[in-house]
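Engineer: missing the sequence, but the structure's below:
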């Protein structure tokens with residue numbers, strides 16, 4: 001699979017975003033990580049412009065480069081924004097935990113009146 005960004009979870013609030021791509025002969029290497037919070041997930045779920053995927057060497061320790069180590073796969077997007085995988089149950093659990101339980105929506109423009 002091409003380079004991608006994955007949302008993975010180990011349980012409520014123990015989530016991370018991973019930039020996964022090719023390193024040497026392995027095309028499934030975690031190259032960069034972000035700790036999940038509502039701001040990072042909002043960017044990931046909407047436009048991904050806030051996620052810098054520039055990689056200057058490996059930023060992840062050798063023993064943390066397998067995506068499976070980071071928990072259950074929730075959602076995968078290509079850098080173009082295309083969603084290529086979603087697991088509905090952990091996705092909606094995550095949406096509830098990070099957003100709905102706090103009375104907010106993961107779309108940053110929701111509830112704002114935009115003027116034309």
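Structural biologist: Great, that's in hand. Since the structure is predicted, the reported quantities are computational estimates derived from the model, not experimental observations. Numbers count the residues shown, from 1 in each chain.

Engineer: and residue 51, how many neighbours does it have?
Structural biologist: 16 (other C-beta atoms under 10 Å). Every C-beta, even on glycine, is put in place using the N, C-alpha and C of the backbone.

Engineer: any idea how far residue 25 is from it?
Structural biologist: Applying C-beta to C-beta, to the nearest Å, the value for residue 51 to residue 25 is 26 Å.

Engineer: got the contact list for the helix-or-strand element of the chain with minimal mean pLDDT?
Structural biologist: The helix or strand of the chain with the lowest confidence, counting by mean pLDDT, DSSP states H and E, is strand 26-35 at a mean of 86. For strand 26-35, contacts defined as C-beta atoms under 8 Å, 6 or more residues apart in numbering pick out 1, 16-23, 40, 51, 53, 55, 58-60, 64-67, 70.

Engineer: Skipping its backbone neighbours, what lies nearest residue 71 in space?
Structural biologist: Excluding the flanking residues, the one nearest residue 71 by C-beta to C-beta, 6 or more residues apart in numbering is residue 10, at 3.8 Å.

Engineer: In contact with residue 21: list those residues for me.
Structural biologist: 2-4, 27, 29, 31, 55.

Engineer: which one of the residues you listed sits closest to residue 87?
Structural biologist: residue 4 (14.6 Å; C-beta to C-beta).

Engineer: May I have the residues that are in contact with the closest one?
Structural biologist: Shown in contact with residue 4 (C-beta under 8 Å, 6+ apart): 19-21, 76-79, 84.

Engineer: could those residues go into a markdown table alongside pLDDT and secondary structure?
Structural biologist: A markdown table is the format used below for the contacts of residue 4 (pLDDT from 0 to 100; DSSP: H, G, I helix; E, B strand; the rest coil):
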| residue | pLDDT | secondary structure |
| --- | --- | --- |
| 19 | 91 | strand |
| 20 | 92 | strand |
| 21 | 87 | strand |
| 76 | 96 | strand |
| 77 | 94 | strand |
| 78 | 90 | coil |
| 79 | 85 | coil |
| 84 | 94 | strand |
